[in-house]
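Enquirer: Pasting the sequence and the predicted coordinates here, then a few questions.
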Amino acid sequence: MRRRVGALFAFAFAFANVGCDVPAYEIDENFDTGGSIDDGASGDVSLDAPAVDTRPDVADVSDTGGDDTASSEVADADALDTLDTLDTLDTADAFDAVIDPCGGGCTGGKSCCASGCVDFATDLGNCGSCGKSCTPAHVAGPSCAASTCGYGSCVAGFDDCNKIKSDGCETSLTTVTDCGKCGTPCSLPATTTSSCATGTCKVDTCILGRGDCNGVASDGCESDTTTSLVNCGSCASPCTTAHATPICAAGACSVASCDRGFADCDASAKTGCERVMATVTGSCATATAMISSSTGLSQICSTSGPATETTSTYNAFGTSYYKVTLKRCDVGTCKAGNPGRAHFRVDSPASMAFDLNVYSAVACNVGVLVGSSTSGVLGGTESVTWTDLTCPASQDFWLEVKWRRGDGCGQASITVTHP
């Protein structure tokens, strides 16, 4: 419509250029007069003109210059006829472009849309109908075939799970409901949460007391860290104990039992059964002196005199050596009724048995064996009695207390008395 109005103004100016008076024209958008043209837009456009002919006849043109001839007047009239013709053609072309963008129709089975002639069967922007664009989600190679939107393939991480081509590959394959494949849930054993951020189901967190210790997602949190000896309390935390059978209970490692000849006396799984029951402590040369509980001296009476005894308590394990000195405490006659005498006794703890060997003279186990007691009874008592009618003024004895069997951390006691 705008182009036609422009043409009308050009028409008016053309008359001015040839020296003619141009009557006024009014643009009426209400189209209430004849000669209207429908432009297919909001209304018609018409021109309300005076009843008189707007174009002067050739005879009416005055010769103001005095020199014009009839031939120049005819030329002016021809120029006006040419302007009328050009204006009519220009206005028609403008309306044709608005009303019919396809220039009068389409051929070859194509249809007319705003963009021109299109093939509904293959056009991506007008697939099946005008304005229906093929833009399926997350695809490579969108297409329009047989007036239906489609695509070549899905981009990585997406798939067409609802099988509707028009919305493309609508489903992400990185969710716990569609993990890696359509309809494949990500739910792993013994887990509280799982994730599928990369399209592969993985463990996020395990339930209490479980661990994903093998790194294999498919079996979830496969390890029971409350009882596992290789993953005790947490993954890669082995429960091992020296000289013992270990146990993992409530996620804590401890000693279940000691190997024969060993004992766990510090209650630490780190050291296991640290006590070696057969350990030899000291020697005769470094024997522990036994002190009289009556006199505070390292000797006791072997004959009549004050009632004396000596007792030593020690951690019962291995082999230990003790030394005691017997002294004649009277000046009477040494006789059968009053000999030199001593009683040696070892009391074993409940879970162990010890042997007792008593030596005199030179030294320890290379001297004279006074006596031995080796019953092997767990928690039993071993004893040796010495009697000497010569009643020596002083006599040294060495006691060898030797672990025989059993284990534990109890204490044994050694007592020497003058009966």
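Expert: Done, it's in. Numbering: from 1, shown residues only.
Enquirer: other SSEs contacting the longest strand along the chain?
Expert: Counting residues, the longest strand in the chain under DSSP state E turns out to be strand 394-406. Packed against strand 394-406, as judged by 3 or more C-beta pairs under 8 Å, 6 or more residues apart in numbering; DSSP states H and E, are the following elements: strand 319-327, strand 340-347, strand 352-360, strand 411-417. C-betas here are computed from N, CA, C, even on glycine.
Enquirer: okay, the angle between the third one and strand 340-347?
Expert: Taking axes from the mean of the first three to the mean of the last three C-alpha atoms, to 10 degrees, one finds that strand 352-360 is oriented at 160 degrees with respect to strand 340-347.
Enquirer: Give me the buried stretch members for the longest strand of the chain, please.
Expert: For strand 394-406, the neighbour count (16 or more other C-beta atoms under 10 Å) marks 395-406 as buried.
Enquirer: of these, closest to residue 133?
Expert: residue 406 (91.3 Å; C-beta to C-beta).
Enquirer: Spatially, which residue comes closest to the closest one, not counting chain neighbours?
Expert: Once flanking residues are discounted, residue 406 sits nearest to residue 352: 3.6 Å by C-beta to C-beta, 6 or more residues apart in numbering.
Enquirer: what about that neighbour, distance to residue 276?
Expert: 13 Å (C-beta to C-beta, to the nearest Å).
Enquirer: thinking again about what came up before, within the sheet, what are the partner strands of the longest strand of the chain, with directions?
Expert: Applying DSSP bridges to the sheet, strand 394-406 is found paired with strand 319-327 (antiparallel), strand 352-360 (antiparallel).
Enquirer: Let me know the next secondary structure element after the last one.
Expert: What it means is strand 352-360. strand 368-373 (DSSP states H and E).
Enquirer: Low-confidence ranges, this protein, go.
Expert: Along the chain, the parts satisfying pLDDT under 70 run over 1-99, 292-299, 301-316, 330-338, 361-367, 419.
Enquirer: Residue 352 and residue 276 - which one has more neighbours?
Expert: residue 352 (22 against 14; other C-beta atoms under 10 Å).
Enquirer: Name all residues that make contact with the more buried one.
Expert: Contacts for residue 352 (C-beta atoms under 8 Å, 6 or more residues apart in numbering) come out as 277, 316-317, 378-379, 403-408, 410, 412.
Enquirer: need these in CSV with distance to residue 358, can you?
Expert: Output for the contacts of residue 352, formatted as CSV (distance: C-beta to C-beta, whole Å):
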residue, distance to residue 358
277, 22
316, 18
317, 20
378, 22
379, 21
403, 17
404, 16
405, 21
406, 22
407, 25
408, 25
410, 23
412, 15
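Enquirer: ok, so of those residues, who is nearest residue 128?
Expert: Using C-beta to C-beta, residue 407 comes nearest to residue 128 of the contacts of residue 352, at 90.4 Å.
Enquirer: For burial, what's the neighbour tally of the closest one?
Expert: 21.
Enquirer: Please tell me I have it right and it contacts residue 277.
Expert: Yes. Using C-beta atoms under 8 Å, residue 407 makes contact with residue 277 at a distance of 5.7 Å.
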